[in-house]
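**Student:** got a sequence here, can you build the structure:
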Amino acid sequence: MNRIHRKLYPLASIAAGVCTLAVAIPAAAVDLTTADGTWKFSIDGNVNVDYIYSNCESATSAKAVTDVGGACVGTATSSSTSSVANGLLPAAFVFGVSTTQNGIDMSAHLGVYPGVVTNDGGSPNLQNGSAGNVALGTTGLDVRQVYMTFGNKDMGTFELGRNIGLFEADIILNDMTLLGVGGPGAAATPNPANTTLGGIGFGYIYTDWLSQIDYTTPDFSGANLTVGIFSPLDSLTGPGDAANKPAPGFHAKIAWKGTFDDLKISLSASGLEQQQKYSTAATDIAPAGTGSWEGAGGDVFGKVSYQGFEVVAGGYYAKGLGTTGIFIFGADANGNARNSYGYLVQATYKVDAVKFGINYGVSRLAFSNQADRIADPFLVAANEKVTGGIYYDLTKNLMILGEVSWVEDIAHTNSVAANGDVGNSNTGVTGNVGVFLAF
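**Tutor:** Numbers count the residues shown, from 1 in each chain. Okay, the predicted model is just below:
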């Protein structure tokens, strides 16, 4: 595993903070109403803790892969690692206030997401300056949500603030590892971050939390359309330094839900577009300059439920967005956009209080051109994962769960290695048991 992989590995924890309102639990555990009945205050959320054990690729056998996430790699002392940490979701406390005035429904929301691991080096996900999991530390706190809404069933709804994005949102919110661990991410390192990967980077790009302004149409026979703009993101992996962007990013989503006796169907498609701009400093061989590329992607999602059975599938194709997270490895060193695609399929069956599930996901990233292949031959070609899980509802609010996940990352050199070594891939196996308390 190369230096870039090590540097970016903790960013697997960008999964932190997926809204607990998406979890199949009773919402608004606490509702308080003012004496005159005009304002309502609510709070809901979760606390979850898992024991996570990963058997990683050994440090001596690990191959170079330029990647974010992927398979874990051990240290010089051990190829296995243990942690007690949050899973894909951190703990969450989501506060809301709402009222109706002049026929318009209004609300405001604040979501705070603490972890349980020691992580006090600035951002609980980027871990800047963190001393690691040492004595006298404290946990980190994400403030991922702060937004307002207003509208009604006739005019539609406006949403303004910071909230989960639209592109790839449905697949992550229906990934069974949302309540568990899935891919271990930084949990399989000496310095765990707030969350694990789940299925992020293994079949979908993380939608992220975006500062946005959206409008959702009224419901038409189960269908609605959401369109919006968001504050444009910089590229986490370059090239160059981030430059001003004259236009916002754009995203949209169309969704439909239908119920036919015991059969329930949900379908959606979403898209994202943003221009990326950057600047480069002068070097001995090149003057200072600027560059840009267009990032765009689309996804489709479907879920079918019949009695205790449920099947979920989603896929995406993107150009210039990269893999794992938005604008991670989206372009080469010269600003040429890379194509990426992936899919996740999942089947679960629930009998009484026990749900059994399995899912498989793969994300693929292509070189932009032959020069890119020569410049970075160890660029990740594919990340794939298989997870099997059992989820037991001890009560309606308390779940006990266990999962086993197999992960592999594969470099492009797996098929084009100049030195004849066609084994540029790493694998890891993770098992976890945990408890998820929702309220």
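
**Student:** contacts and neighbour counts: CA atoms only from here.
**Tutor:** Will do.

**Student:** excluding sequence neighbours, find me the nearest residue to residue 401.
**Tutor:** In space, and not counting its chain neighbours, residue 401 is closest to residue 391: 4.4 Å by Cα to Cα, 6 or more residues apart in numbering.

**Student:** who's in contact with the one you found?
**Tutor:** The neighbours of residue 391, taking Cα atoms under 8 Å, 6 or more residues apart in numbering as the test, are 354-356, 399-402.

**Student:** please flag which of the residues you listed sit within strands.
**Tutor:** If you go by DSSP state E, these have 354-356, 399-402 in strands.

**Student:** need the contacts of residue 391 in JSON lines (columns: distance to residue 300, neighbour count and pLDDT).
**Tutor:** Shown next, in JSON lines, are these (distance: Cα to Cα, whole Å; neighbours: other Cα atoms under 10 Å; pLDDT from 0 to 100):
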{"residue": "354", "distance to residue 300": "29", "neighbour count": "15", "pLDDT": "98"}
{"residue": "355", "distance to residue 300": "25", "neighbour count": "18", "pLDDT": "98"}
{"residue": "356", "distance to residue 300": "25", "neighbour count": "16", "pLDDT": "98"}
{"residue": "399", "distance to residue 300": "30", "neighbour count": "19", "pLDDT": "98"}
{"residue": "400", "distance to residue 300": "31", "neighbour count": "20", "pLDDT": "98"}
{"residue": "401", "distance to residue 300": "29", "neighbour count": "21", "pLDDT": "98"}
{"residue": "402", "distance to residue 300": "29", "neighbour count": "19", "pLDDT": "98"}
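
**Student:** just the residues you listed now: which is nearest residue 59?
**Tutor:** Taking Cα to Cα as the measure, residue 59 sits nearest to residue 402 out of those, at 27.4 Å.

**Student:** measure the closest one to residue 378 for me?
**Tutor:** From residue 402 across to residue 378, the span is 34 Å (Cα to Cα, to the nearest Å).

**Student:** residue 78 too?
**Tutor:** 24 Å.

**Student:** closest one to residue 385 out of the ones in strands among the contacts of residue 391, please.
**Tutor:** residue 402 (16.2 Å).

**Student:** isn't the closest one right up against residue 432?
**Tutor:** Yes. Here residue 402 reaches residue 432: they are 5.5 Å apart, a contact under Cα atoms under 8 Å.

**Student:** quick one: name whatever helix or strand follows the host helix or strand of residue 311.
**Tutor:** Using DSSP states H and E, residue 311 sits within strand 309-319. Using DSSP H and E, the next helix or strand after strand 309-319 towards the C-terminus is strand 339-351.

**Student:** and that following strand, what's its mean pLDDT?
**Tutor:** Average pLDDT, strand 339-351: 98.

**Student:** and it, how far out from the chain's middle?
**Tutor:** 14 Å (Cα atoms, centre = their mean, to the nearest Å).

**Student:** please apply the same query to stretch 220-228.
**Tutor:** 23 Å.

**Student:** on that earlier part again, and the angle from the strand holding residue 311 to strand 339-351?
**Tutor:** Relative orientation of strand 309-319 and strand 339-351, computed by axes from the mean of the first three to the mean of the last three Cα atoms, to 10 degrees: 170 degrees.

**Student:** make residue 1 into 549 and carry on from there
**Tutor:** Right, with 549 as the first residue, what we last looked at is strand 857-867.

**Student:** give me the buried positions along strand 857-867.
**Tutor:** Using 16 or more other Cα atoms under 10 Å as the test for burial, strand 857-867 gives 857-867.

**Student:** can I assume residue 881 is in contact with residue 787?
**Tutor:** Yes. With contact defined as Cα under 8 Å, residue 881 and residue 787 form a contacting pair (5.3 Å).

**Student:** tell me the one of the contacts of residue 939 nearest residue 589?
**Tutor:** Residue 589 lies nearest to residue 947 out of the contacts of residue 939, by Cα to Cα, at 26.2 Å.

**Student:** ok, that closest one touching residue 940?
**Tutor:** Yes. Counting by Cα under 8 Å, residue 947 does reach residue 940; the two are 5.5 Å apart.

**Student:** from the contacts of residue 939, pick the one nearest residue 890.
**Tutor:** Of all those, residue 890 sits closest to residue 904, with 24.0 Å by Cα to Cα.

**Student:** coming back round to it: and the strand holding residue 859, which strands flank it?
**Tutor:** Sheet pairing of strand 857-867 (DSSP bridges) gives strand 837-854 (antiparallel), strand 887-899 (antiparallel).

**Student:** can you pull the alpha-carbon coordinates of that strand into CSV?
**Tutor:** C-alpha atoms of strand 857-867 as CSV (Å, rounded to 0.1, in the frame of the first residue of the first chain):
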residue,chain,number,x,y,z
PHE,A,857,-38.4,-10.5,1.5
GLU,A,858,-36.6,-7.4,0.2
VAL,A,859,-34.4,-6.9,-2.8
VAL,A,860,-32.3,-3.7,-3.3
ALA,A,861,-30.2,-2.7,-6.3
GLY,A,862,-28.5,0.5,-7.4
GLY,A,863,-25.9,1.5,-10.0
TYR,A,864,-24.1,4.7,-11.1
TYR,A,865,-21.9,6.0,-13.9
ALA,A,866,-19.8,9.2,-13.5
LYS,A,867,-17.2,11.2,-15.4
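
**Student:** which stretches of the protein form helices?
**Tutor:** 551-556, 717-721, 918-923, 961-964 (DSSP state H).

**Student:** buried residues, the third one. List them.
**Tutor:** Okay, so that is helix 918-923. Neighbour-count burial for helix 918-923 [16+ other Cα under 10 Å]: 920-921.

**Student:** ok, residues contacting it?
**Tutor:** By Cα under 8 Å, 6+ apart, the residues outside helix 918-923 that reach it are 880-881, 915.

**Student:** which of those has the most neighbours?
**Tutor:** When neighbours are counted by other Cα atoms under 10 Å, residue 915 leads the contacts of helix 918-923 with 24 neighbours.
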